[in-house]
Every structure is written in C-alpha cells, then in structure tokens.
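Student: sequence and predicted structure, then a few things I'm wondering about:
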Amino acid sequence: MTANAPSPPAPPGRLTAFIRLGRPKFLFQSMMVVGLGVTAAQHEGHGFSPAWYMGTLLFGWAAHLMTHYCNEYFDLEADRANHSPTSWTGGSRVLVDGLLPPLVSLGAAFVLLFLAAAVTAVMPDTASRLMAVTVLAAAWFYTAPPARLNYRALGEIACAAVLYGLGPLLAHRLQGGDPTAATLTYVAIVFVFQFLRMSVMNLADIDGDRRTGKRTLAVALGARGLIRLYLAGQSLTYAATALLLLTGALPVLPGLAILATFPVPLWVGRRLLHGALATHGANNAVTFWASMHMPITAVAITVALLTDLLTGDPGPDTPWLVLCTATLIAFTVWFTRAVRTPPPPLPDQETLTP
C-alpha cells in the first residue's frame with residue numbers, strides 16, 4: 001500500500017447495517033401492489049376505506065420485511081458462496097460482511113411475523129384472514145425449514161403467489177369484496193411476470209446456489225433452459241394480453257397500459273441471450289430492469305384505471321386519488337434515483353469464505 005492510497009470506507013453503524021439488512025428499497029413493490037388492489041376496487045365501484053388501506057400497507061410491509069430478514073438468516077451459506085452479487089440479488093451482504101450477528105436477522109424476522117399476525121387477527125372476515133395467513137406461511141417458508149421452498153424449485157412460484165397474486169387480491173378484498181374477471185386478469189398477468197422475474201433473479205445467483213445445494217428453478221433447468229422459459233413466458237403473456245384486448249375481454253386502457261411495458265422484458269431478454277449476467281455492471285442492469293418490470297406494470301395498470309375513473313362518473317374517492325397520486329410520485333422519485341445508482345463493487349474475494 002502506498003502512502004497516497006485512500007483509506008477504506010468506515011463500516012456502517014449498527015443501525016444503518018440493520019436497515020440495510022432489511023433491503024427496504026423493495027418495499028416500493030409491495031406499496032404498488034396494495035395500490036393496484038385498492039384502485040381496482042375503486043374501479044369496480046367500492047368505497048375507499050383509509051383504515052384498511054393503511055392496515056393492508058402495514059401488513060404488506062411487515063410481511064415483506066419479515067421475508068427479507070428471514071431470508072438473510074437462512075440464505076447465509078448461499079450468499080457467502082455468491083461471488084458476483086448485484087444490488088438486487090445475492091442478499092444485502094450485511095451478514096456476509098460480518099456487520100451484524102445472524103441472530104439479529106432471525107430475531108427481526110420473528111418480530112415482524114408477530115406484527116403481521118396481529119394485523120391479520122383484526123381483519124374483518126375469514127377469507128381475508130386465510131389469505132393473510134397463506135401469505136405469511138409461504139413468505140416464511142420461502143427459505144426457512146422444513147419447507148425451504150426456494151431450495152426445491154418452488155420459490156419462484158411461491159414469491160409470485162405471495163406478492164403479486166394474493167397481495168393485490170387481499171388489498172382489494174379489504175376495500176370491497178370479490179374481484180371481477182378483469183381484476184383477476186390483471187393479477188394473473190403480474191403474477192406471471194413476477195414468476196419470470198424471480199427466475200431471472202435466481203439465474204443471477206446460480207453459481208453460488210449450485211455450490212451450496214440450493215435447487216432453484218435456475219439450477220433445475222440450467223441457464224439455457226431458464227432463459228428459454230423467460231422468453232417464452234413473456235411472449236405468451238403479452239400475446240394473450242393482446243388477444244384479450246382485441247376480443248374485448250380486457251378493458252382498453254389497462255390492456256394498452258400492459259402492452260406498453262413490453263420493451264422492458266424485451267430488453268432484459270436480449271441481454272440474457274447475450275450473456276450479460278456474466279459481466280459485472282451489466283448483470284446489475286439486467287436484474288434491476290427485470291425486477292422493475294412488475295412495479296412498472298402495476299403502476300401502468302393503476303394509472304390506466306385511475307384515468308378511466310377520472311373520465312367517468314362519479315370518479316374515484318378524493319382521499320384515494322390524493323393518496324394514490326402521492327404514492328405514484330414517491331415511486332417515480334425513487335425509481336429515477338435507482339436508475340442513476342451505480343452497480344456495487346465486486347466483493348473482496350478474501351471475505352467470501354465463511
């Protein structure tokens with residue numbers, strides 16, 4: 001080391017490390033999921049309940065953070081074996097870097113589980129409570145034993161079912177009741193997109209997962225098989241959306257909004273075919289845009305439904321219009337900053353072994 005070499009950055013404090021451990025940036029996804037469900041309920045003529053909007057958001061954020069803290073603990077071996085993490089895959093690296101003891105992560109997960117369970121207990125009907133319990137069970141056992149769903153090539157579908165399947169449906173039910181066929185179609189589309197997105201996330205982690213016996217769908221299918229699945233799944237979903245739109249089974253504005261998001265998976269698919277996940281920096285861009293495909297789609301559908309409401313009578317409830325607009329602005333600001341954030345540096349190889 002020369003005398004002019006810069007000093008290494010000081011490690012973050014324990015509170016900063018604890019916050020980073022929970023990866024709160026992903027909470028924008030669950031926020032947009034709740035917004036989609038509430039807006040769909042408004043579009044169907046249900047009144048807006050501010051209390052249950054806040055209750056659903058609290059439940060969603062508690063469950064989402066619980067999943068992150070739980071995963072950090074039970075995925076520690078796989079994260080240590082991951083030599084090429086990105087900002088969006090490979091965990092927070094807080095436990096890998098030894099910034100906090102692993103039990104801190106597990107303890108936080110249990111506290112958040114109890115918080116989410118408390119919100120579940122006061123939900124107004126049995127169907128809502130069953131949906132919430134299913135969310136918590138699938139989220140917890142995503143990596144926790146004995147199920148360890150993401151170690152048995154079931155994590156992708158479990159994550160899609162929890163976040164973009166049951167998430168908007170629970171928000172919708174707590175606002176009004178049973179969804180229409182159109183709402184179920186929106187949910188089905190973002191569910192498929194989330195399943196495909198999780199497949200790409202696990203593809204980015206494939207080497208470390210193989211070394212530790214973590215059998216994700218990417219490990220089960222191999223890189224080529226997973227890329228073929230992603231391309232086929234995206235193509236079929238957009239083709240089905242176009243067909244539903246042309247036959248009148250899907251409303252015009254939401255249908256067009258969904259189709260307008262096609263450039264995102266098209267860009268991701270082309271980069272996957274050219275091996276971008278093997279290149280530092282490029283892998284971060286691919287995982288970022290693959291991850292953003294779902295909230296972008298949720299935003300597109302939400303804006304389309306709000307636009308349709310604003311051109312009709314009586315229109316959306318004013319409190320929800322204000323809250324939803326604020327939510328969309330917050331997401332846009334965060335998204336703009338995220339686009340400009342450089343990829344993380346490669347980890348020090350000496351710190352990768354346990």
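Tutor: Here it is on my side, so go on.

Student: sec struct for Gly312, please.
Tutor: Assigned by DSSP: H, G, I helix; E, B strand; the rest coil, the conformation of Gly312 is coil.

Student: number of nearby residues for it?
Tutor: Here the count is done by other Cβ atoms under 10 Å, and Gly312 has 10 residues near it. (Glycine included, C-beta is placed from N, CA and C.)

Student: same check on Arg224?
Tutor: 9.

Student: and for the one 5 residues further on?
Tutor: For Leu229, the number of neighbouring residues by other Cβ under 10 Å comes to 19.

Student: that one contacts Arg197, correct?
Tutor: No - using Cβ atoms under 8 Å, Leu229 makes no contact with Arg197, being 11.9 Å away.

Student: what helix or strand is Gly47 located in?
Tutor: Using DSSP states H and E, Gly47 falls within no helix or strand.

Student: so what's the closest residue to it other than its chain neighbours up against?
Tutor: Leaving out its chain neighbours, the residue that sits closest to Gly47 by Cβ to Cβ, 6 or more residues apart in numbering is Asp317, at 6.5 Å. Asp317 makes contact with 42, 47-48 under the criterion Cβ atoms under 8 Å, 6 or more residues apart in numbering.

Student: among the residues you listed, which ones are buried?
Tutor: Burial by neighbour count, judged by 16 or more other Cβ atoms under 10 Å, picks out 42, 48 from the contacts of Asp317.

Student: can I get the contacts of Asp317 in JSON lines with distance to Val339?
Tutor: As requested, these are arranged in JSON lines below (distance: Cβ to Cβ, whole Å):
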{"residue": "Gln42", "distance to Val339": "30"}
{"residue": "Gly47", "distance to Val339": "37"}
{"residue": "Phe48", "distance to Val339": "32"}
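
Student: okay if I get the contacts of Asp317 as TSV plus distance to Lys25 and pLDDT?
Tutor: Formatted as TSV, these follow (distance: Cβ to Cβ, whole Å; pLDDT from 0 to 100):
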residue	distance to Lys25	pLDDT
Gln42	27	94
Gly47	32	92
Phe48	27	94
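
Student: closest one of the contacts of Asp317 to Leu306?
Tutor: Using Cβ to Cβ, Gln42 is the member of the contacts of Asp317 that lies nearest Leu306, at 8.1 Å.

Student: mind listing what's buried in stretch 274-286?
Tutor: For stretch 274-286, using 16+ other Cβ under 10 Å, the buried residues are 276-277, 282-286.

Student: scratch that, stretch 119-130
Tutor: Buried positions in stretch 119-130, judged by neighbour count with 16+ other Cβ under 10 Å: 119-120, 123, 128.
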